[in-house]
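Asks: coords please:
(chains A and B)
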Amino acid sequence: MELVIDRVTKNYGSKIACDRISTTLHNGVYGLLGANGAGKTTLMRMMCGLSKPASGNISYNGIDVSREEYRDILGYLPQNFGYYPEFTARDFMMYLSALKGIPKSRAKAKTAELLEMVSLKNEARKKIKTFSGGMKQRLGIAQAMLNDPQILILDEPTAGLDPKERVKFRNMISRMGADRIILLSTHIVSDIEHIANTILVMKSGQLIHEGSLDEIISVIDGKVWECIVSSETADELSLKYPLINTRNENGGVFLRLVSDEKPCGNAENVQATLEDLYLYYFNEETTEGYAI
Amino acid sequence: MNLFFELVKFELKKILSRKRTVIVLALVMIVGALSVFGIIIGTYYYTDENGGEVAISRYEDEMIERHNGEALSGRVIDADLIMEAVEAYKSVVPLESGNYIGTLEYQNHARKYSEIYGIVRMTFHLSSLEEFQNLTREQAEQFDAVRRQNMEQAMMNGAGSENVCRYRQKCLNNSPASLTYEYWGGYYRFVTIMFTTAVMAGAAIAVMISGIFSDEYTSGADSLILSSKHGKGLVIGAKLFTAFLLSAALIALLSAISLVESFLVWGAGGANGSLELAYGVFPYPITIGQAALFYFICMLAGCIMFAAITALFSSKLKLPFNTIVVMIALLIVPLFIAVPEGAPAWVDCLINLLPIGMFTFWHVMLEFQYEILGLVIPPYIFLPVFALIVTCICSYFACRGFKGHQIS
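Replies: Okay, the predicted model is just below:
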């Protein structure tokens, strides 16, 4: 059971959205991390057969993504999914069930089960146009799971969810990841940290890192520092090193930054987190000149 | 199959829940239902012998026409009937203005023969009332011969290949030796009213179907549909089927309303009358009832073809508004194209293939036939077949357009 992405390239005019991406996904939860415009959504769309790669191919156990058999085992939540304002949540789920080829009787049961799972049971007969952003997002998550997919691709699934719903969603994904491939992209690093077995880091259309949380973090291990300095020193350091965090504290300025060497006398080396890595990499896009 | 109809049900729900669909459907239904009343509401004013104005409601006037027509139904238009009409018209003395409609003699005696007067005038190419009043019995006895001569002449117009000539000759041979008058007011009003109604239905179809694919693009639902199992197959079929079903239902409903209303006001008689009773159409060997049925089939096929073209544009143009503009232009612009006198027959044949051609009774029964591989096909048969072929081609490309849609 493997989803093979083989040298996939996609360009929009002269802009390369995905540049010769290759990887193989097996059962488990994969977190796709990258700044806006890194190519995450383009890659996900190609994995769903919604956009043709300029070169390369994607297949699951030898089945090309353009095939109906592939779509039959696919669940997808787009970043901004379209809905029909006049449909009720139940109608929407029943329509998607029909699109996924689920017989009516099974669709009814599955719809009830999933709406309950995403806490929309009491809103099942309400029109989607009356839903809040979070409710729509939950509905989107529910529809992606209708066909009990072998491959679940979720683009920003936790956007708009409140903390309680996010935790519930994370637990659900963790459980489901045991026997299927789940790929999710999000800007909420803690979501990936909690549930992804493997993290894929994308930057400028390229897959720059792939590995477990520890493997990924090891890139900046021993390079994350915390210190409290005067505001003048803080200004100097912020020009010199990528800042992860800054706040006023005890009459000075607390800094968390990434540096190969000790940045100042009172700096303490601390355990790196995924957020450090994310901010380090994607801060770099606006703070040029730093690399590890 | 159940799944297919489940998808059709949702497609119907999507279309019918759009505000623009509700508004346009309501408008078309109201205007369609009221169009018959447009003819019978109001008042006619005649000038009488004393120069005064005589007012009569349009409904009453139409009822007099119907009564007169029905009284003559079943009578063979022969010398006896023609001379009866001539005698009745002889008493009519036109006013100074040349108008005679308001005279008592016309209203009381001649009017009951007005239909016969019309047919005889057309047949003998009479230019004035006086010429009709002076028609002799010898001339009247020549009515069938002149009628046949006229038909032969009409068939010479734009005559095509040998096959076409043979076909026309066959039609002529099948034409009855004598013409029996039948009052066909109900059918006449139906085929007249339906032109406007069908054009309105076309516009409504453009509005309803314009979003069948492009609304998915604009709403962002395309990602969900195209990544689902049946998103690139069954659902496209369901969308097209829904488009055709809605279009067919709309034109059928509007036709039924117009037909029932026309029959209620002008009666349902004349179904077995010869098509020769209708002015300006080719005397195909069919009855008026059959001609009305063929006309309905042509409108139905025209609407389905129009829906297929709309669906094609919807899959290609991405925005429903653009599709509506293109389709309304396709519907309306040909109305302003005047075919010059003496233009080759193929020009008429070509224009007839547009939806507007299929919506016009006189075009559906036009004297120009289509010839394919030596087979001569009258327009009322060729047009629906052509519409079916165009529907299949457009459906194929619409399907490809949606299937191949790239989300970027």
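
Asks: Show me the domain layout of chain A.
Replies: Split into domains by automatic domain parsing, chain A comes to A:1-73+A:154-210, A:80-148, A:218-283.

Asks: Can you lay out those as TSV showing mean neighbour count?
Replies: Where you see a C-beta, it was placed from the backbone N, CA and C, and this is true even at glycine. Below are these laid out as TSV (neighbours: other Cβ atoms under 10 Å in any protein chain shown):
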stretch	mean neighbour count
domain A:1-73+A:154-210	19
domain A:80-148	19
domain A:218-283	16
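
Asks: for chain A, what are the low-confidence residue spans?
Replies: Along chain A, the parts satisfying pLDDT under 70 run over A:283-292.

Asks: Residue of it closest to chain B, please.
Replies: Residue of chain A nearest chain B, by Cβ to the nearest Cβ: A:Gly82 (3.2 Å).

Asks: Quick one: mean pLDDT over stretch B:55-72.
Replies: Mean per-residue pLDDT for stretch B:55-72: 91.

Asks: Give me the buried positions along it.
Replies: Neighbour counts over stretch B:55-72 (16 or more other Cβ atoms under 10 Å in any protein chain shown) mark B:Tyr59, B:Glu62, B:Glu65, B:Arg66, B:Asn68, B:Gly69, B:Glu70, B:Leu72 as buried.

Asks: Hmm, the second one is touching B:Phe37, no?
Replies: No - under the criterion of Cβ atoms under 8 Å, B:Glu62 is not in contact with B:Phe37, lying 11.4 Å apart.

Asks: can you list the weak-confidence ranges in the stretch 1-150 of chain B?
Replies: Low-confidence segments of the stretch 1-150 of chain B, defined by pLDDT under 70: B:1, B:49, B:51.

Asks: 80 - rerun?
Replies: Applying pLDDT under 80 to the stretch 1-150 of chain B flags the ranges B:1, B:46-54, B:94-99, B:102.

Asks: how about the residues of it that lie near chain A?
Replies: Residues of the stretch 1-150 of chain B lying near chain A by Cβ under 8 Å from any Cβ of the partner chain: B:Asn2, B:Leu3, B:Glu6, B:Leu7, B:Phe10, B:Lys13, B:Lys14, B:Ser17.

Asks: which residues are contacting stretch B:141-161?
Replies: Contact with stretch B:141-161 is made by B:77-79, B:82, B:120, B:123-124, B:165, B:168-169, B:171-172, B:175, B:177-179, B:276, B:282-283, B:344-345, B:348, B:367-369, B:371, as judged by Cβ atoms under 8 Å, 6 or more residues apart in numbering or on different chains.

Asks: Correction: the previous question concerned stretch A:36-54.
Replies: Stretch A:36-54 is contacted from outside by A:3, A:5, A:8-11, A:17-19, A:21, A:32, A:34, A:58, A:65-66, A:70-71, A:74, A:76, A:79, A:151, A:153, A:155, A:183, A:185, A:202-206, B:222-223, B:226-227, B:406-408, using Cβ under 8 Å, 6+ apart.

Asks: now the most centrally placed residue in chain A, nearest residue through space, not along the chain?
Replies: By Cα atoms, centre = their mean, chain A has its centre lying nearest to A:Ser185, at 1.2 Å. Computed as Cβ to Cβ, 6 or more residues apart in numbering or on different chains, the closest residue to A:Ser185 that is not its neighbour in sequence is A:Leu32, at 4.0 Å.
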